[in-house]
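Undergrad: After the sequence you'll find the predicted model.
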Amino acid sequence: QVQLVESGGGLVQAGGSLRLSCAASGRIFSINAMGWYRQATGKQRELVAAITSGGITNYADSVKGRFTISRDNAKNTVYLQMSSLKPEDTGVYYCKSTLVTDGLGRAYDYWGQGTQVTVSS
């Protein structure tokens, strides 16, 4: 059974930093794209940052220059370093990974359970 386990959320003051981690485990043949999404109360889930298997990154305009996504392929882990946090960054952060989990090379999307990030003003 494939699992994505997130960690690193919490409460931080505006201007502070947090680092989120998401580790994939289980029967994984390969990992394609990995990314982070967030959902604020009453809003739709939105893409924060994504990274391809080759290391190409993509960021939401609202986090460019403040957040950095990276991955450790040996550990099947993706990270999100968040700096200069703002109250509007508050929300539940979800990890998503596109994984090849069968011998036919088919890829599926998997989601983590979410981790709360709260930025106080």
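TA: Received, thanks.
Undergrad: Next, give phi and psi for residue 87.
TA: Backbone torsions of residue 87, given as degrees, to the nearest 10, read phi -60, psi -30.
Undergrad: Give the burial count for it, as a bare number.
TA: Counted with other Cβ atoms under 10 Å, the neighbours of residue 87 add up to 11. No exception for glycine: its C-beta is placed from N, CA and C like everyone else's.
Undergrad: how close does residue 20 sit to residue 6?
TA: Going from residue 20 to residue 6 by Cβ to Cβ, to the nearest Å gives 6 Å.
Undergrad: can you list residues touching both of those two?
TA: 93, 95, 115 (Cβ atoms under 8 Å, 6 or more residues apart in numbering).
Undergrad: Closest one to residue 70 out of those residues, please.
TA: Set against residue 70, the nearest of those by Cβ to Cβ is residue 95 (13.0 Å).
Undergrad: In this protein, which residue is most central in space?
TA: Per Cα atoms, centre = their mean, the C-alpha nearest to the average position across the chain is that of residue 36, at 2.7 Å.
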